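S.K.: next come a sequence and a model predicted from it.
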Amino acid sequence: MSFENQYLTFNEYIELGGTLEETPFNLLEYEARKQINIRTQNRLVNEETQTDEVKLCVFHLIEKIESYASASSSVSGNIASESTDGYSISYVTATQLNEVVKSKNVELDDIIMNDLYGVIVNGEHIIYNGVK
């Protein structure tokens with residue numbers, strides 16, 4: 001699979017102190033890029049080069065998304081808790097999963113807002129979404 005038009009290249013990621021191998025990096029960079037594109041209404045898609053703020057934002061998003069992946073892989077079968085004395089298992093409910101998703105989205109929004117606030121590309125603020 002070819003990963004083109006990356007906002008942050010693997011070499012730039014390594015220079016910033018990244019520790020992932022190239023394949024997991026490519027997958028997470030793609031996910032981070034999608035998150036940015038959603039929140040910027042694709043304003044960066046056709047840009048040939050990205051600003052340092054965008055590159056750092058991708059770096060921070062990769063760290064956060066990777067931490068979510070690590071946390072979710074440690075929980076198997078949506079088990080919330082387990083007791084060995086009386087052998088009981090509690091499962092994560094749909095409401096709890098929704099809360100986790102909302103929390104994740106808030107954290108990603110915060111990273112993007114902090115890193116990209118005030119960044120202007122082609123004369124336009126990239127995170128401008130109209131009048132509130």
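M.R.: Received the coordinates, thanks.
S.K.: so what's L8 up against?
M.R.: Shown in contact with L8 (C-beta atoms under 8 Å, 6 or more residues apart in numbering): 29, 32, 50, 54-55, 58-59, 62. Quick note: C-beta positions are derived from backbone N, CA and C, even for glycine.
S.K.: how about 6 Å then?
M.R.: By C-beta atoms under 6 Å, 6 or more residues apart in numbering, the contact list for L8 reads 29, 55, 58.
S.K.: skipping its backbone neighbours, what lies nearest T40 in space?
M.R.: Once flanking residues are discounted, T40 sits nearest to I126: 4.6 Å by C-beta to C-beta, 6 or more residues apart in numbering.
S.K.: return the member of the contacts of L8 nearest to T19.
M.R.: E29 (14.0 Å; C-beta to C-beta).
S.K.: next, count neighbours for the closest one.
M.R.: The burial count assigned to E29 is 24, neighbours taken as other C-beta atoms under 10 Å.
S.K.: need the contact partners of the helix or strand encompassing it.
M.R.: Using DSSP states H and E, the element containing E29 is helix 22-40. Applying C-beta under 6 Å, 6+ apart, the set of residues contacting helix 22-40 from outside is 3, 6-8, 10, 13, 58, 61-62, 65-66, 108, 112, 126-127.
S.K.: from memory H60 sits against M113, does it?
M.R.: No. In this structure, H60 is not within contact of M113 by C-beta atoms under 6 Å, at 11.5 Å.
S.K.: who has more neighbours, the two?
M.R.: The residue with more neighbours, out of H60 and M113, is H60; 18 against 12, by other C-beta under 10 Å.
S.K.: quick one: contacts for that one?
M.R.: With C-beta under 6 Å, 6+ apart, H60 has these contacts: I111.
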